[in-house]
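Asks: 3D model of this:
(chains A and B)
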Amino acid sequence: MIGVLEVVAYVVAAAVALYGLFTTIRNRPPDRTHRIAVGVFEAVLVVQAVVAAVRVFTGVQLPEQSTFLIYLLVSVCVMPIALQFATAEPTRWGGTVIAVGAIGTGVAVWRLHDLWVAGHG
Amino acid sequence: MAEPTGAPGRQPRATSSGPGRVLIAVYAIFALSATARAGVQIATKFSEAPVAYLLSGLAGVVYVLATIGLAGRSPGHRRLAWGAVVFELVGVLVVGTLTVFDTGDFPDDTVWSVYGRGYGFIPLVLPFIGLWWLRRTSSKG
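Replies: Residues are numbered from 1 along each chain as shown, chains lettered A, B, ... in the order given. Alright, predicted model coming up:
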């Protein structure tokens, strides 16, 4: 898709996941740092989704276009829901919930990459 | 008035509290990915492998029901969670075994194929964790 953004997305996803697991181990509930980290991650995902969607709707042909667009939608929806669910009950486990969301989103980005590459040889 | 059997130690604990929230998050992600994938498959290429795609859809529904059951706090939710997680365990074992021995009718296209290999075998591990958590939080535990 967009090479640099995709790599940034993986790095930020890994950082968010590790930080979430770290606060679970340290027995701390999600705090402001988690919100900022998730916000940064989400911003990267939204930019990626907008750019990719524009390119699909302006001529880029993909073999599984609808699947690609649904994964694109999923990639931006998971983190806000995960953050909400993680902070609704402020226990140590909130960080792990955020980590699960970040890992799931990272896998979705990976699938997006495969679907994109399939359309470009 | 307090219930006669209201001793706190004998009440079931909420499945949606503490580490249970992590389990719900994992189930929710599987619910989302499995139903989304099956929805696309059924809508765009159902005739290619109807059995596999219907199975994908069924797996998605089971994950949705398990998520709802675990997230709720009533006894009905707990029963729903038990039913969904047991079904999930049977599903992944049966479909996993069938796909290991004969890939004919099942293209490697469902969450449960080859015991969930395409999903890092999480679909195989998840129902065991689910059953353990339901048992641990039940009043009998």
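Asks: who are the contact partners of the residue nearest to the spatial centre of chain A?
Replies: The centroid of chain A falls nearest to A:Thr105 when counting by Cα atoms, centre = their mean (3.7 Å). By Cβ atoms under 8 Å, 6 or more residues apart in numbering or on different chains, the residues touching A:Thr105 are A:13, A:41, A:45, A:75, A:78-79. In this view, the C-beta of every residue, glycine as well, is placed from N, C-alpha and C.
Asks: what about chain B: which of those touch it?
Replies: A:Val78 (Cβ under 8 Å from any Cβ of the partner chain).
Asks: just put the contacts of A:Thr105 in TSV and tack on pLDDT, neighbour count and secondary structure.
Replies: Conversion of the contacts of A:Thr105 to TSV gives the following (pLDDT from 0 to 100; neighbours: other Cβ atoms under 10 Å in any protein chain shown; DSSP: H, G, I helix; E, B strand; the rest coil):
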residue	pLDDT	neighbour count	secondary structure
A:Ala13	98	25	helix
A:Phe41	98	25	helix
A:Leu45	97	23	helix
A:Ser75	94	24	helix
A:Val78	96	24	helix
A:Met79	98	23	helix
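Asks: need the strands for the chain, in chain order.
Replies: If you meant another chain, say so; for now it's chain A. With strands called from DSSP state E, chain A shows none.
Asks: got the residues of it near chain B?
Replies: Counting by Cβ under 8 Å from any Cβ, the residues of chain A that sit close to chain B are A:64, A:66-67, A:70-71, A:74, A:78, A:81-82, A:85-86, A:89, A:91, A:93-94, A:96-97, A:100-101, A:104, A:108.
Asks: any of these buried? List them.
Replies: Using 16 or more other Cβ atoms under 10 Å in any protein chain shown as the burial test, these include A:64, A:67, A:70-71, A:74, A:78, A:82, A:85-86, A:89, A:91, A:93-94, A:96-97, A:100-101, A:104, A:108 as buried.
Asks: where does the prediction get shaky in the chain?
Replies: Picked chain A for this. A:1-2, A:120-121 (pLDDT under 70).
Asks: ah, no, chain B please
Replies: In chain B (pLDDT under 70), the answer is B:1-10, B:103-108, B:140-141.
Asks: tell me which parts of it are close to chain A?
Replies: Residues of chain B lying close to chain A by Cβ under 8 Å from any Cβ are B:17-19, B:21-22, B:24-26, B:28-29, B:32-33, B:36-37, B:39-40, B:43-44.
Asks: filter these to the buried ones?
Replies: Of these, these count as buried by 16+ other Cβ under 10 Å: B:18-19, B:21-22, B:24-26, B:28-29, B:32-33, B:36-37, B:39-40.
Asks: farthest-apart pair in the residues you listed, please.
Replies: Within those, B:Gly18 and B:Val40 form the most distant pair, 35.0 Å apart (Cβ to Cβ).
Asks: spatially central residue for chain B, please.
Replies: B:Tyr63 (3.9 Å).
Asks: after the helix or strand hosting it comes which helix or strand?
Replies: Per DSSP states H and E, B:Tyr63 falls inside helix B:50-71. As assigned by DSSP H and E, the chain's next helix or strand after helix B:50-71 is helix B:75-101.
Asks: from the chain's centre, how far out does that next one sit?
Replies: Helix B:75-101 has its average C-alpha position 6 Å from the chain's average C-alpha position, going by Cα atoms, centre = their mean, to the nearest Å.
Asks: quick one: buried residues of it?
Replies: In helix B:75-101, counting by 16+ other Cβ under 10 Å, buried: B:77-78, B:80-82, B:84-89, B:91-92, B:95-96, B:98-99.
Asks: how about stretch A:114-121?
Replies: A:115-116.
Asks: enumerate every residue touching B:Val22.
Replies: Per Cβ under 8 Å, 6+ apart, neighbours of B:Val22: A:93, A:96-97, A:100.
Asks: at 6 Å what do you get?
Replies: Listed by Cβ atoms under 6 Å, 6 or more residues apart in numbering or on different chains, the contact set of B:Val22 reads A:93, A:96-97.
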